[in-house]
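> A predicted structure for the sequence below; I have some questions about it.
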Amino acid sequence: MANQNVDVCIIGCGPSGLMLSRLLAIKGLSSIILERSKRAHVEGRIRAGVLEHGAAQTIIDSGMGERLKAERMLHDGVCFAIDGKQARVSLTAYAEGQQISVYGQHEAVRDMIAFTLENGVEIVFEAEDVALHDFETGASPSVTYQKDGREHTVSCKYIAGCDGFHGVSRKSMPQEKIKEFHRSFPFGWLGILAKAEPATDELIYARHKNGFALYSMRSSTLSRLYLQVPLDTDVADWPDEKVWNELDLRLGADAGWSVNRGEIIDKSITPLRSFVVEPMQLGRLFLAGDAAHIVPPTGAKGMNLAIADVRVLAVGLAKMINDNDVSLLNEYSQICLRRVWKAQRFSWWMTGILHTPEGAQDTYQSRIDQADLEHLLSSDCYAKIFAENYVGLPFEV
Ligand code: APR
Ligand code: PHB
């Protein structure tokens with residue numbers, strides 16, 4: 001049995017756990033990260049790729065953004081394609097010059113892991129049977145895990161549950177002390193990563209009678225594209241040629257425009273869902289990121305919310321541990337949830353106006369969604385609201 005002692009025991013080595021560990025270190029606090037998976041798995045998971053203005057700046061200010069600064073693609077606007085015709089909303093014009101950074105989440109995670117290890121913070125990969133103890137009332141919580149056939153105990157002042165939707169942290173909270181809000185959508189996204197030069201400089205979100213499509217990218221030679229598909233879709237039903245033809249159709253065939261094709265190196269299907277737990281704290285356990293909330297990827301908010309949460313948590317923990325001031329920590333959940341629900345609303349709204357559930361091509365709702373999108377593309381006021389949400393609302397802390 002081996003024992004470790006830190007200020008904060010962080011469970012999960014995704015963007016929220018890694019960023020929290022760094023922000024705590026800047027405040028002079030110690031942490032350890034316990035991660036269930038192998039390092040290669042964590043670094044190889046292909047995820048979304050849009051950073052809000054403030055989230056990118058947080059990574060850069062933390063010192064972990066050298067490669068982000070060098071390799072990110074800064075975008076001034078986003079495009080929409082409605083039944084094949086394209087239109088653009090300027091972000092910089094409507095959101096006071098703010099841009100978004102297009103940079104793969106797994107690249108950001110890779111950068112953060114390298115930085116964290118170089119700076120002497122321990123990350124335990126392949127930590128099995130992680131279990132949380134005495135966080136609800138006790139002043140000295142602890143976390144146990146198995147590694148290399150031995151049990152280990154981490155004694156700490158606080159526990160941060162940064163272990164995603166399926167993690168152990170939220171599940172350790174008694175059901176009667178939390179309330180969960182769920183919404184599922186009757187479709188998923190088929191995503192591909194392809195060795196192809198993007199045919200667009202900016203993201204294109206498409207609404208089409210066949211369903212949603214998205215043109216995104218990772219570099220000048222890598223394209224990332226998505227198609228709305230029915231929930232029960234098997235990837236095998238989507239050979240490469242069929243994927244490309246459908247992308248062409250939904251993204252711009254009517255305007256005589258097509259996507260650039262190339263070798264598809266990743267193809268997978270993700271369901272779309274929304275989820276929030278309230279509160280995000282119980283005693284000395286604080287949830288952050290996907291452990292506390294999930295958004296459908298349409299609004300590109302997942303990683304950004306994770307970073308916003310841990311900004312508040314790091315300052316709150318530092319005030320408490322360094323200055324014995326619990327005021328911000330007591331407000332952690334309320335402060336985060338204000339942003340979370342706005343991002344939920346935005347992601348739900350974007351998902352609604354851009355997707356067409358199967359068999360609902362010509363319904364009252366589809367006409368409303370179309371009118372909504374047309375309003376967005378023709379009104380300065382509406383475009384401003386969109387841009388403000390898309391580049392990221394201001395941080396409270
Ligand atoms: N013990 C230890 N680690 C765990 C456990 C467990 N029981 N359960 C899950 N984990 C790990 C996962 O393996 C994963 O590496 O927790 C990590 C959680 O990371 P993310 O899922 O990336 O969550 P988060 O850091 O909150 O980042 C949110 O990730 O999924 C995207 O769309 C999401 O962009 C958003 C971002
Ligand atoms: C991506 O690049 O993977 C991406 C971009 C925008 C989204 C979702 C995903 O809304």
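Alright, I've got the coordinates. Numbers count the residues shown, from 1 in each chain. Ligands and ions are numbered 1, 2, ... in the order given.

> Around ligand 1, pick out the residues from the protein.
Contacts of the chain with ligand 1, taken as C-beta under 6 Å from any ligand atom, map to 11-17, 34-37, 42, 47-48, 105, 127, 130, 162-164, 166-168, 289-291, 302-303, 306. In short, each C-beta sits where N, CA and C put it, glycine included.

> Contacting ligand 2 as well, which ones from those?
Among the residues of the chain next to ligand 1, ligand 2 is touched by residue 48 when using C-beta under 6 Å from any ligand atom.

> Just the buried ones from the residues of the chain next to ligand 1?
Neighbour counting by 16 or more other C-beta atoms under 10 Å classes 11-17, 34-36, 42, 47-48, 105, 127, 130, 162-164, 167-168, 289-291, 302-303, 306 among the residues of the chain next to ligand 1 as buried.

> Go through the residues you listed and flag which are in helices.
Mapping those onto helices (DSSP state H) picks out 15, 16, 17, 42, 105, 168, 302, 303, 306.

> Need these in TSV (columns: pLDDT).
Putting those into TSV (pLDDT from 0 to 100) gives the following:
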residue	pLDDT
15	98
16	98
17	98
42	98
105	97
168	98
302	97
303	98
306	98
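
> if I pick the residue in the stretch 251-397 of the chain positioned nearest to ligand 2, what's in contact with it?
The stretch 251-397 of the chain approaches ligand 2 most closely through residue 300 (3.5 Å), counting by C-beta to the nearest ligand atom. Taking C-beta atoms under 8 Å, 6 or more residues apart in numbering, we find residue 300 in contact with 48, 50, 100, 390.

> Among these, name the ones in helices.
Using DSSP H, the subset of those located in helices is residue 390.

> Among the contacts of residue 300, filter down to the buried ones and hand me the ChimeraX syntax, if you would.
Only the buried entries of the contacts of residue 300 go into this ChimeraX selection, using 16+ other C-beta under 10 Å:
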select :48,50,100,390
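
> In this structure residue 182 contacts residue 274, no?
Yes - at 7.1 Å, residue 182 and residue 274 qualify as touching, with contact defined as C-beta atoms under 8 Å.

> Between those two, tell me which one has more neighbours.
With neighbours defined as other C-beta atoms under 10 Å, residue 182 and residue 274 compare such that residue 274 has more, 19 against 10.

> hang on, the more buried one in a strand?
Yes - judged by DSSP: H, G, I helix; E, B strand; the rest coil, residue 274 forms part of a strand.
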